[in-house]
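S.K.: I need the structure of the sequence given here:
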Amino acid sequence: MKNTHPLDNPELDRASLFVLMIPVIGFFPALWNLYRRQGSPECKAVSRLAIALAFSWLLGHILLEAGAISAESPTLTMLLMSSLLTTSYFIVSLGLMVRLWKRQPLWLPGISRVAEQVVGKHLS
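M.R.: Numbering: from 1, shown residues only. Got it, this is the predicted structure:
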C-alpha cells in the first residue's frame, strides 16, 4: 500500500488552479505562489498568467478612469470602455476556468508570452 500525503491529490491541485483564475481575488494567491517559489510548473504558469491578466486589467482601468476624469466631453465613452474592459477581463477569466475544467492548456495570444517573459523573469 502506498503511503501518500492526504494533500497530494490532483483534484485538489486543479481546484487550487481554479482559485488562481478568479478575477481580482485570484491575483493574491497567484502572487503568493510565485513569491514562495514552490508548486508545480503548471501552477507557476497559471499564477504568472493570472498576474499578467490582473495587471493589464488594472492598468487599463486606471488609465481609462483617469482619462474620464480629466476629459471634458468624452467622459461617457471612457467610462463605457472601462466597463467593457472589466467585462472582458471577467469573461476571459471565466473562459480560462472552463479550459481548466476541460483539462485543456491555458494559453492566450500575447498575454501568455508577456506572462512568461516579464512576470516570470521578475517573480520566479
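S.K.: contacts and neighbour counts: CA atoms only from here.
M.R.: Noted.
S.K.: from residue 63, how far out is the most centrally placed residue in the chain?
M.R.: For the chain, the residue nearest the mean C-alpha position is residue 50 (1.8 Å; Cα atoms, centre = their mean). Distance from residue 50 to residue 63, counting by Cα to Cα, to the nearest Å: 20 Å.
S.K.: next: residue 103.
M.R.: The gap separating residue 103 from residue 63 is 35 Å, by Cα to Cα.
S.K.: quick one, which of these two is more surrounded?
M.R.: Applying other Cα atoms under 10 Å to residue 103 and residue 63 shows that residue 63 carries more neighbours, namely 14 against 10.
S.K.: quick one: pLDDT of that one?
M.R.: The score at residue 63 is 90. That number is its pLDDT.
S.K.: next one: residue 121
M.R.: Reported pLDDT for residue 121: 59.
S.K.: and residue 101, by the same measure?
M.R.: Reported pLDDT at residue 101 in the predicted model: 89.
S.K.: so it versus residue 113, what's the distance?
M.R.: In terms of Cα to Cα, residue 101 sits 22 Å off from residue 113.
S.K.: and what of residue 99?
M.R.: 18 Å.
S.K.: roughly how far does residue 58 sit from residue 39?
M.R.: For residue 58, the distance to residue 39 - Cα to Cα - is 26 Å.
S.K.: neighbour-wise, which of the two wins?
M.R.: Under the criterion of other Cα under 10 Å, the comparison of residue 58 against residue 39 puts residue 58 first, with 16 against 11.
S.K.: tell me how far the host helix or strand of that one is from the chain's mean position?
M.R.: Applying DSSP states H and E as the criterion places residue 58 in helix 41-70. How far helix 41-70 lies from its chain's middle: 8 Å, per Cα atoms, centre = their mean, to the nearest Å.
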